[in-house]
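Asker: For reference, the sequence and a predicted model appear below.
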Amino acid sequence: MIPGASEYGIDIEIDDRAIEDALTATPADVSPAPELTFARNVFVPLTTACRYTCTYCTYYDPPGQASLMSPEEVRESVRRGADAGCTEALFTFGDDPDDRYTAVHDQLDEWGFSSIHDYLRRACEIALEEGLLPHANPGDQTREEMELVADVNASMGVMLETTAEVQAHGGPRGKNPGQRLNTIRNAGELGVPFTTGVLVGIGEDWRDRAESLLAIRELHERYGHVQEVIVQPVSDNERWKEGSPSVDAFRRVVAMARHVLPESVSVQVPPNLAPVREVLDCGVDDLGGVSPVTDDYVNPDYEWPAVRELEAIADDAGVPLRERLPVYERYLTDDWVSGTIRDAIDADDDAGERYRAVLAD
């Protein structure tokens, strides 16, 4: 049983035969993708407050030091992204700030917001006003929290990371795999196009990796909402000195993901965090969001590559590079995107033209 799954009523049953099949997958069992895609985004770190204290994460700041972007700062950031030709506003923040973050809660209250999710909704509205499609990645969410912001997001996401209990998640405020799976399930029930993924090298074993990918597959088979799965190696930083998985091990995990997941679900490898050229033959078809105007605030030691570098990666692989929106094209139906998002894409303005130009590429 996946830790915490019963607490959230997660009834995922993973067959031992499916795990054994996943464990046998190698790069030789999958094929290179016929093209590579990416999204042009602006990274908006709404707050660095987080209830968790994962030992590999440099994003969160402790109480008293955590930042909270103002509405004016959000508007300035997304406006710069729109001016640079971006289509996506990537909103990130740590999971719900707990009661230790009194300054954050006091500031939200002063601005007239009842919660960080209430504020996230306003931030997404600002992005839409300035000509970007929101993709919010706010960590664990209850159904009510996600429902509050779903209609102003083109897509959303949360990294599963692993279904295992690992020391890197330990402590009194450790992550709960069942809670992460519950967030992914909530997205499926609400019809939200979704991004999730696994973090490789944080203490999980090979069986854990297979189980994590199979759990994602099972939830996607129920709801059809997972548009992409990120396979990301943990990277050394000021809080994590345990190293990254070897290239051979990482190649095998990427191949396992491609082998396990349905063909319609993209396998994404972030080019600033992984040896992407070494895994292109393992079924990778997406390079994720890349920003021409902001840092990767979750991994500040690892700069985004320029678009021309992505073109070089695709050239090395002998495949075309295509820009995409934060919501994959197959989800652009009334069943998956709200009228708010559809109206933004169809609008007769500069932003709508930019979105449609990407779709026409």
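Answerer: Done, it's in.

Asker: got the contact list for stretch 308-325?
Answerer: Residues from elsewhere that reach stretch 308-325 (C-beta atoms under 8 Å, 6 or more residues apart in numbering): 32-40, 87-88, 133, 154, 271, 276-277, 280, 286-287, 290, 305, 345, 355, 358-359, 361. No exception for glycine: its C-beta is placed from N, CA and C like everyone else's.

Asker: how about it: buried residues?
Answerer: Within stretch 308-325, the residues scored as buried using 16 or more other C-beta atoms under 10 Å are 310, 313-314, 317, 319, 321, 323-325.

Asker: how about TSV for those residues, with distance to Ser77, secondary structure and pLDDT added?
Answerer: Output for these, formatted as TSV (distance: C-beta to C-beta, whole Å; DSSP: H, G, I helix; E, B strand; the rest coil; pLDDT from 0 to 100):
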residue	distance to Ser77	secondary structure	pLDDT
Leu310	22	helix	87
Ile313	27	helix	91
Ala314	28	helix	94
Ala317	32	helix	92
Val319	32	coil	96
Leu321	26	strand	96
Glu323	20	strand	96
Arg324	21	strand	98
Leu325	19	coil	98
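
Asker: Now for those: which two are most distant?
Answerer: Greatest spatial distance in the buried residues of stretch 308-325: Ala317 and Leu325, 22.4 Å, computed using C-beta to C-beta.

Asker: Quick check: which element contains the closest residue to Val279 other than its chain neighbours?
Answerer: Spatial nearest neighbour of Val279, excluding adjacent residues (C-beta to C-beta, 6 or more residues apart in numbering): Val254 at 4.7 Å. If you go by DSSP states H and E, Val254 is part of helix 247-260.

Asker: and the lengthiest helix in the chain, how far from the chain's centre?
Answerer: When the chain is parsed with DSSP state H, its longest helix is helix 206-223. The chain centroid and the centroid of helix 206-223 are separated by 16 Å under C-alpha atoms, centre = their mean, to the nearest Å.

Asker: before we move on, what about stretch 89-108?
Answerer: From the chain centre to the centre of stretch 89-108 is a distance of 19 Å (C-alpha atoms, centre = their mean).

Asker: now the end-to-end length of that stretch.
Answerer: In stretch 89-108, first residue to last residue: 21 Å (C-alpha to C-alpha, to the nearest Å).

Asker: Also stretch 53-72?
Answerer: OK, stretch 53-72 end separation, C-alpha to C-alpha: 29 Å.

Asker: Please enumerate the helices of the stretch 201-350 of the chain.
Answerer: Along the stretch 201-350 of the chain, counting by DSSP state H, counting those that start in this stretch, helices occupy 206-223, 247-260, 307-317, 339-346, 350-360.

Asker: contact partners of the longest one?
Answerer: Read it as helix 206-223. Residues outside helix 206-223 that contact it (C-beta under 8 Å, 6+ apart): 2, 12, 14, 18-19, 22-23, 160-164, 181, 184-185, 187-189, 191, 196, 198, 200, 204, 226, 229, 253, 256-257, 260-262, 265.

Asker: Sort out which of those are in strands and list them.
Answerer: 196, 198, 200, 226, 229 (DSSP state E).

Asker: Go through those and name the one nearest Trp240.
Answerer: Among the ones in strands among the contacts of helix 206-223, and counting by C-beta to C-beta, the member closest to Trp240 is Val200, at 12.9 Å.

Asker: so what's the closest one up against?
Answerer: Neighbours of Val200 in contact, by C-beta under 8 Å, 6+ apart: 209, 231-234, 245, 249-250, 253.

Asker: beta partners for it?
Answerer: Pro233 (DSSP bridges).

Asker: Check Thr195 too.
Answerer: Bridge pairing for Thr195 - DSSP bridges - gives Gly157, Glu228.

Asker: pretty sure it is touching Ser155, no?
Answerer: Yes. Using C-beta atoms under 8 Å, Thr195 is in contact with Ser155, at 6.5 Å.

Asker: Need the overlap of contacts for these two.
Answerer: In contact with both Thr195 and Ser155: 135, 227, using C-beta under 8 Å, 6+ apart.

Asker: Now Phe38: phi and psi?
Answerer: Backbone torsions of Phe38, given as degrees, to the nearest 10, read phi -160, psi 160.

Asker: what's around the residue lying closest to Leu108 once chain neighbours are set aside, how many residues?
Answerer: Distances taken as C-beta to C-beta, 6+ apart put Tyr119 closest to Leu108, at 5.7 Å, once the chain neighbours are dropped. Residues within reach of Tyr119, counting by other C-beta atoms under 10 Å, total 24.

Asker: State whether Gly64 is indeed within a helix.
Answerer: No. Under the criterion used here (DSSP: H, G, I helix; E, B strand; the rest coil), Gly64 is coil, not part of a helix.

Asker: In three-state terms, label the residue nearest to it when sequence neighbours are not counted for me.
Answerer: Leaving aside its sequence neighbours, Gly64 sits nearest to Ala103 (C-beta to C-beta, 6+ apart; 6.6 Å). Judged by three-state DSSP, the three-state class of Ala103 is helix.

Asker: if I pick Ala103, what's in contact with it?
Answerer: 63-64, 66.

Asker: can you pick the most crowded of the residues you listed?
Answerer: Ala66 (19 neighbours).

Asker: didn't that residue look like it was pressed against Leu46?
Answerer: No. In this structure, Ala66 is not within contact of Leu46 by C-beta under 8 Å, at 10.9 Å.

Asker: re earlier: closest to Arg143 among the contacts of Val200?
Answerer: Of all the contacts of Val200, Arg143 sits closest to Gln232, with 26.4 Å by C-beta to C-beta.
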